[in-house]
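Visitor: The sequence and its predicted three-dimensional model are supplied below.
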Amino acid sequence: MKRQSAWHSSRVNGVLLTAILTFGLPLTGMAAQEQDMTQIHITMGGTPGAEFSAQWRITHNDETIEHPETRGTVPAEFTFEGTTLEGTVKLLSDDERLEVDIVKGSNRSRSSTQGKGGTLTVVVR
């Protein structure tokens with residue numbers, strides 16, 4: 001009788017473990033999906049070595065934080081957590097091209113400018 005009891009106890013633990021693993025996966029997937037909707041990834045491309053300045057304003061949980069980039073160089077990448085991004089990017093180099101690619105979840109925004117002083121204003125929600 002003790003053998004049955006021990007086997008039954010193991011079986012119950014195995015079933016519980018299976019239930020946790022099976023039901024835990026969708027929750028993990030949802031958390032990753034929610035994170036994808038708050039992760040904002042920016043890729044700066046164009047002419048290699050082109051210089052730019054950028055002012056990023058990220059809003060998350062009703063708090064806005066500014067992230068200035070006074071002198072960046074292409075290529076560059078930035079990743080922020082937030083629900084909204086507002087940005088102003090200015091090309092500082094002569095005769096060069098700047099491309100800004102922003103991805104948030106399944107949304108993508110692409111902008112470009114050419115020539116010193118070219119300015120891009122972007123908003124992603």
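Guide: The structure has been received and is ready for your questions.

Visitor: Around the nearest residue to residue 81 once chain neighbours are set aside, how many other residues sit close by?
Guide: Distance criterion C-beta to C-beta, 6 or more residues apart in numbering; nearest residue to residue 81, sequence neighbours excluded, is residue 38 at 5.4 Å. Just so you know, the C-beta spots here come from the backbone N, C-alpha and C atoms, and that holds for glycine as well. A total of 16 residues lie near residue 38 under the criterion other C-beta atoms under 10 Å.

Visitor: now swap in the one 5 residues further on and tell me
Guide: As a burial measure, residue 43 scores 16 neighbours (other C-beta under 10 Å).

Visitor: swap in the one 3 residues further on?
Guide: Residue 46 is surrounded by 19 other residues when neighbours are defined as other C-beta under 10 Å.

Visitor: same question, residue 42
Guide: Neighbours around residue 42, by other C-beta under 10 Å: 23.

Visitor: Now do the same contact list for the most centrally placed residue in the chain.
Guide: When the chain is reduced to its mean C-alpha position, the nearest residue by C-alpha atoms, centre = their mean turns out to be residue 39, at 2.6 Å. By C-beta atoms under 8 Å, 6 or more residues apart in numbering, residue 39 lies in contact with 79-81, 104-105.

Visitor: and what of residue 85?
Guide: With C-beta under 8 Å, 6+ apart, residue 85 has these contacts: 40, 42, 56-59, 102, 104, 122-124.

Visitor: if we go to 10 Å?
Guide: Residues near residue 85 by C-beta atoms under 10 Å, 6 or more residues apart in numbering: 40, 42, 56-60, 67, 78, 102, 104, 109, 122-125.

Visitor: Mind checking what helix or strand follows the helix or strand of the chain with the lowest mean pLDDT in sequence?
Guide: Between all helices and strands in the chain, the lowest mean by mean pLDDT, DSSP states H and E belongs to helix 2-36, at a mean of 42. Downstream of helix 2-36, the next assigned helix or strand under DSSP states H and E is strand 39-46.
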